[in-house]
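In: for reference, the sequence and a predicted model appear below.
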Amino acid sequence: MAEVTFGLIGPLDVRCAGRSIRVPAARQRSLLAALLLRANQPVSKRSLCAAVWGERPPDQAETTLRSYVMRLRQVLGPVPAARLSVQPPGYQLRLDQDDEFDLLRLQGCIRRGRSAARQEDWDGSIREFRAGLALWRGEPLCDVPSDQLHLSVIPALAELRAQLWEGLYAAACQQGRAADLVVPLQRLTEEDPLSERFSALFMSALANCNRRVDALAEFRRLRRTLVGEQGMEPGASLQELHQRLLRDECRPAAPVPHARQAPVMTAPVPVPRQLPRGAAAFAGRAREVGELVDCLSVAPEANVAHPVVAITGFPGIGKSELAITVAHRLADRYPDGQLYADLRGTVAAPAAPATVAARFLRALGVDRRALARGEAERIAQYRSLLAGRRVLLVLDDALDADQVRPLIPGSPCCGTLVTARRGLAQLPEARLTTLAELPDEDARELIAAIAGRERAAREPAAVSSIVAACGGVPLALQIAGARLAARPAWPLGHFARLLADESRRLDELCYGPLSLRARLAAAYHALAPGPEEPEEREGREGAARATGAACAFRRLGQWPSASITIQQAAAAFGQPVPEVAAALETLADANLLASPAPGVYQLHPLARIFAAECAACPASA
């Protein structure tokens with residue numbers, strides 16, 4: 001027997017030379033459990049704080065953690081405490097052999113039981129699987145009050161327990177002893193009435209005992225429970241077993257469904273590669289790409305907390321294209337996968353963080369039945385699964401910081417790229433990148449790449465006119481290039497003349513699903529909440545400010561210059577300076593205005609055309 005042993009499959013158990021050691025403080029138990037689950041590995045202070053306090057650790061949490069470690073050493077006594085050491089970036093608990101920790105002993109039982117089965121040593125296989133099941137002392141972690149550990153560990157332990165029963169049943173069948181397991185398997189289905197795996201074992205055992213009617217009754221019981229409580233039918237494997245029993249074709253001797261690898265510590269997990277294809281024509285942005293790649297290439301050991309990059313800018317300025325381009329450049333530096341989600345921040349029904357987290361969890365291999373139900377629990381489950389992995393997230397078209405914040409991993413190994421039209425300055429941990437218009441040279445390159453280089457070379461003056469009309473906005477340039485590519489017989493000069501007419505410029509910058517006017521309209525309508533829900537949207541004061549910004553935007557469409565000061569706007573609008581300043585700042589936050597200097601604002605030429613349209617017909621804008 002090892003001199004020091006630890007146990008988590010039940011209440012936390014610590015023993016030294018056979019003597020039980022009680023850890024009375026709840027947070028010290030959470031700390032010890034978190035160290036045990038990453039035994040023989042340094043666990044960062046940040047990860048330990050999350051295990052002890054959850055998503056929102058108190059101020060000075062790392063200082064308090066140090067005192068918890070000191071007290072934990074005192075409680076454990078000299079021999080176990082010698083196992084706990086400082087290992088940057090945090091602490092490490094040393095185990096000298098697997099027998100010192102019940103979870104590792106359990107995994108060893110599964111390995112040895114399967115090895116014995118491969119050698120047809122059925123007695124040895126049964127002995128190992130029974131030894132693993134005997135390690136259950138009650139509900140795992142029942143006295144460890146860490147929601148994060150519960151969400152990450154308890155489903156994994158349930159998986160290990162199912163594997164033990166499946167291995168035991170398979171070995172027992174080989175010896176004609178399936179009847180010995182009927183009663184224990186019935187108890188399992190009573191303890192976990194939604195478990196398809198335990199029901200499959202119970203049905204198989206009944207069938208092997210010539211109790212086909214009872215096996216079919218168990219299927220009906222499970223189906224009623226699943227449909228009534230979760231609104232879904234049993235899975236394909238169980239349906240197949242049911243059909244075989246109906247036909248009385250066989251007496252299954254192996255469990256259905258087949259055993260799966262446990263997701264604890266060493267489990268293989270899917271590596272998602274969800275990045276959309278990069279833009280076929282991507283010009284310019286070399287400086288921005290280089291800076292963002294450098295920012296998100298920080299090694300985990302550099303002690304930088306989960307690098308986050310937020311990209312904002314004018315509608316159509318190329319935020320998504322830049323993010324996807326950067327993400328593809330970084331793919332090999334995030335070997336555990338790349339996750340992508342369109343957060344739909346510019347449509348009427350933005351994606352809920354819990355819904356996005358569920359999609360990510362499924363992509364990372366979590367069975368849909370194991371998904372946490374509550375929003376906070378699911379977010380914690382998602383963050384726990386990402387802990388220690390090198391995963392890159394691209395969160396495209398975010399509504400605001402509140403939508404993004406729950407999806408940012410807590411792990412320093414992960415990187416996050418976010419794009420949004422507004423509001424990301426409220427993510428203090430993010431590096432904010434606001435995109436400017438493309439320089440003329442890069443804009444000409446983009447037109448030539450899409451419309452044809454030889455064609456562009458023949459009419460350089462027309463290309464310059466098209467570039468000037470598009471104002472350096474990549475979406476406008478892409479639409480112009482796409483329209484020209486679809487009309488190879490058109491002279492570029494003809495299209496340049498169409499764009500020169502401001503009254504129809506936005507009409508011409510529309511091709512298929514691409515429309516600059518639609519992008520501008522989405523940004524404008526976000527400023528003007530509907531009459532039935534202003535208070536729900538931003539609160540009474542915020543809604544009034546948004547409505548004032550929408551009104552200011554329309555009036556700017558009639559201003560004779562692209563630039564305006566606060567004082568000029570106050571005089572032109574007939575409004576007090578503080579109200580006008582607030583409206584212009586709201587427009588700047590929405591990236592519909594630029595502010596090159598304090599108190600000075602500029603309206604992009606394409607936004608000015610749209611603002612004039614809104615002023616001419618505010619009801620339909």
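Out: Good, I have the coordinates. Because the structure is predicted, anything quoted here is derived from the model rather than measured.
In: okay, CA-based contacts and neighbour counts for the rest of this
Out: Fine.
In: past the worst-scoring helix or strand of the chain on mean pLDDT, which element shows up next along the chain?
Out: The weakest-scoring helix or strand in the chain, judged by mean pLDDT, DSSP states H and E, is helix 534-556 (a mean of 64). Remark: after helix 534-556, the chain's next helix or strand is strand 563-565, criterion DSSP states H and E.
In: partner strands of that following strand, parallel or antiparallel?
Out: Take DSSP bridges as the rule and strand 563-565 pairs in its sheet with strand 600-602 (antiparallel).
In: how far does the partner strand sit from its chain's centre?
Out: Centroid displacement of strand 600-602 relative to its chain, using C-alpha atoms, centre = their mean, to the nearest Å, is 37 Å.
In: same deal with stretch 351-367?
Out: That offset, for stretch 351-367, works out to 7 Å (C-alpha atoms, centre = their mean).
In: break this structure into its domains for me.
Out: 286-435, 440-512, 521-616 (automatic domain parsing).
In: now render those as TSV, adding mean neighbour count and distance to residue 43.
Out: What follows is those, written out as TSV (neighbours: other C-alpha atoms under 10 Å; distance: least, C-alpha to C-alpha, whole Å):
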stretch	mean neighbour count	distance to residue 43
domain 286-435	19	9
domain 440-512	18	45
domain 521-616	18	40
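In: and those: which comes nearest residue 244?
Out: domain 286-435 (24.8 Å; C-alpha to C-alpha).
In: run the chain-centre distance for the closest one.
Out: 7 Å.
In: on that earlier part again, would you turn the domains of the chain into TSV with distance to residue 47?
Out: Listed next are those as TSV, based on distance: least, C-alpha to C-alpha, whole Å:
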stretch	distance to residue 47
domain 286-435	7
domain 440-512	41
domain 521-616	34
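In: out of the ones you listed, which gets nearest to residue 82?
Out: Nearest to residue 82 among the domains of the chain is domain 286-435 (25.0 Å), distances taken as C-alpha to C-alpha.
In: what packs against the host helix or strand of residue 323?
Out: Secondary structure from DSSP H and E places residue 323 in helix 319-330. Judged by 3 or more C-alpha pairs under 8 Å, 6 or more residues apart in numbering; DSSP states H and E, helix 319-330 is in contact with helix 286-295, strand 308-313, strand 392-398, strand 415-420.
In: helix or strand right after the third one?
Out: Past strand 392-398, heading to the C-terminal end, the next element that is a helix or strand (DSSP H and E) is helix 401-404.
In: closest one to residue 6 among the domains of the chain?
Out: Comparing the domains of the chain by C-alpha to C-alpha, domain 286-435 comes nearest, at 22.2 Å.
In: out of the helices and strands packed on helix 319-330, nearest to residue 223?
Out: strand 392-398 (37.8 Å).
In: tell me the strands beside the closest one, with direction?
Out: By DSSP bridges, strand 392-398 pairs with strand 338-342 (parallel), strand 415-420 (parallel).
In: now those in JSON lines, with mean pLDDT?
Out: Formatted as JSON lines, these follow (pLDDT from 0 to 100):
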{"stretch": "strand 338-342", "mean pLDDT": "94"}
{"stretch": "strand 415-420", "mean pLDDT": "93"}
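In: contact partners of the helix holding residue 323?
Out: 275-279, 282, 285, 289, 292-293, 296-297, 311-313, 392, 394, 396-397, 417-420, 435 (C-alpha atoms under 8 Å, 6 or more residues apart in numbering).
In: try stretch 109-117
Out: Against stretch 109-117 from outside (C-alpha under 8 Å, 6+ apart): 122, 124-129, 131-132, 163-164, 167, 171.
In: one more time with 6 Å, if that's ok
Out: By C-alpha atoms under 6 Å, 6 or more residues apart in numbering, the residues outside stretch 109-117 that reach it are 124, 125, 128, 129, 132.
In: and for stretch 440-447?
Out: Contacts to stretch 440-447, defined as C-alpha under 6 Å, 6+ apart, come from residues 283, 284, 481.
In: how about a cut-off of 10 Å?
Out: 281-285, 437-438, 448-449, 451-453, 456, 460, 463-468, 470-474, 477-482, 484-485 (C-alpha atoms under 10 Å, 6 or more residues apart in numbering).
In: show me the helices in the stretch 101-250 of the chain, by range?
Out: For the stretch 101-250 of the chain, applying DSSP state H, counting those that start in this stretch gives helices covering 102-118, 122-134, 147-174, 182-191, 196-208, 212-230, 236-247.
In: between these, which one is nearest to residue 354?
Out: Per C-alpha to C-alpha, nearest to residue 354 of the helices of the stretch 101-250 of the chain: helix 147-174, 14.8 Å.
In: how far off centre is that closest one?
Out: Going by C-alpha atoms, centre = their mean, where helix 147-174 is centred and where its chain is centred differ by 27 Å.
In: for it, packing partners?
Out: Under the contact criterion of 3 or more C-alpha pairs under 10 Å, 6 or more residues apart in numbering; DSSP states H and E, helix 147-174 touches helix 26-37, helix 45-53, helix 102-118, helix 122-134, helix 182-191, helix 196-208, helix 375-386.
In: highest mean neighbour count out of these?
Out: Counting by mean count of other C-alpha atoms under 10 Å, helix 196-208 has the highest mean neighbour count of the helices and strands packed on helix 147-174, with a mean of 26.
In: mind pulling up the pLDDT for residue 70?
Out: Note for residue 70: predicted pLDDT of 92.
In: right, and it touches residue 78 too?
Out: No. The pair residue 70 and residue 78 fails to qualify as a contact (C-alpha atoms under 10 Å) at a distance of 11.9 Å.
In: mind checking the helices and strands packed on helix 319-330 for the one nearest to residue 22?
Out: Among the helices and strands packed on helix 319-330, the nearest to residue 22 by C-alpha to C-alpha is strand 415-420 (39.7 Å).
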